[in-house]
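Chemist: what follows is a predicted structure for the sequence shown.
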Amino acid sequence: MNFEQLKKDPRLQQMDPEKLQYITGFAERISTMPKEQILPAFLNLQMDASNKHIRFSDAETEVLVSILSSGMTPAEKKKLETLRMLAKKLAARSS
């Protein structure tokens, strides 16, 4: 993944610079991770961001997942989407 291209992606042009910097750092970290650690990292992304008082809207999350998962296989993308839906249901239950 080219991080300069990530920053220039037109879908991210309206994103808050702090959020963009955070997600760029995340993209850099996952680029060096073994494949089996990437899905857990995605799941921890929202919680880690929240701990740093960074909140992504649902629309922003959709765009970010789309961009960051672009190199995944269809099976990996499906697994990620299943885990995201499960996490969303659990979060709704706890609020």
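Modeler: Great, that's in hand. Residues are numbered from 1 along each chain as shown.
Chemist: with adjacent residues omitted, what lies nearest to L39?
Modeler: In this structure, L39 finds its nearest non-sequential neighbour in L80, 5.8 Å apart by CB to CB, 6 or more residues apart in numbering. Glycine gets a C-beta too; all of them are placed from N, C-alpha and C.
Chemist: just the buried residues of the host helix or strand of that neighbour, please?
Modeler: Taking DSSP states H and E as the definition, L80 sits inside helix 74-94. Under the neighbour-count criterion of 16 or more other CB atoms under 10 Å, helix 74-94 has L80, R84 buried.
Chemist: so what touches it?
Modeler: Here helix 74-94 makes contact (CB atoms under 8 Å, 6 or more residues apart in numbering) with K35, I38, L39, F42, L43, Q46, V65, S69, M72.
Chemist: give me the buried subset of the residues you listed.
Modeler: For the contacts of helix 74-94, a burial check counting by 16+ other CB under 10 Å picks out I38, L39, F42, Q46, V65, S69, M72.
Chemist: what's the lowest-pLDDT member of those residues?
Modeler: Checked by pLDDT, the buried ones among the contacts of helix 74-94 have Q46 as the lowest-scoring entry (75).
Chemist: what's the angle between the helix or strand that residue falls within and helix 74-94?
Modeler: Assessed by DSSP H and E, Q46 sits inside helix 35-51. If you take axes from the mean of the first three to the mean of the last three CA atoms, to 10 degrees, helix 35-51 sits at 30 degrees to helix 74-94.
Chemist: kindly export helix 35-51 (C-alpha atoms) in PDB.
Modeler: Extracted as PDB, the C-alpha positions of helix 35-51 are listed here (Å, rounded to 0.1, in the frame of the first residue of the first chain):
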ATOM      1  CA  LYS A  35      -1.300 -12.000   7.700                       C
ATOM      2  CA  GLU A  36      -2.800 -13.700  10.700                       C
ATOM      3  CA  GLN A  37      -2.500 -10.600  12.900                       C
ATOM      4  CA  ILE A  38      -4.200  -8.200  10.500                       C
ATOM      5  CA  LEU A  39      -7.800  -9.200  11.200                       C
ATOM      6  CA  PRO A  40      -7.400  -8.800  15.000                       C
ATOM      7  CA  ALA A  41      -5.700  -5.500  14.400                       C
ATOM      8  CA  PHE A  42      -8.700  -4.300  12.400                       C
ATOM      9  CA  LEU A  43     -11.000  -5.300  15.300                       C
ATOM     10  CA  ASN A  44      -8.900  -3.400  17.700                       C
ATOM     11  CA  LEU A  45      -8.700  -0.300  15.500                       C
ATOM     12  CA  GLN A  46     -12.000   1.300  16.700                       C
ATOM     13  CA  MET A  47     -11.300   0.500  20.400                       C
ATOM     14  CA  ASP A  48      -7.800   2.000  20.100                       C
ATOM     15  CA  ALA A  49      -9.000   5.100  18.300                       C
ATOM     16  CA  SER A  50     -11.700   5.500  20.900                       C
ATOM     17  CA  ASN A  51      -9.100   5.300  23.700                       C
END
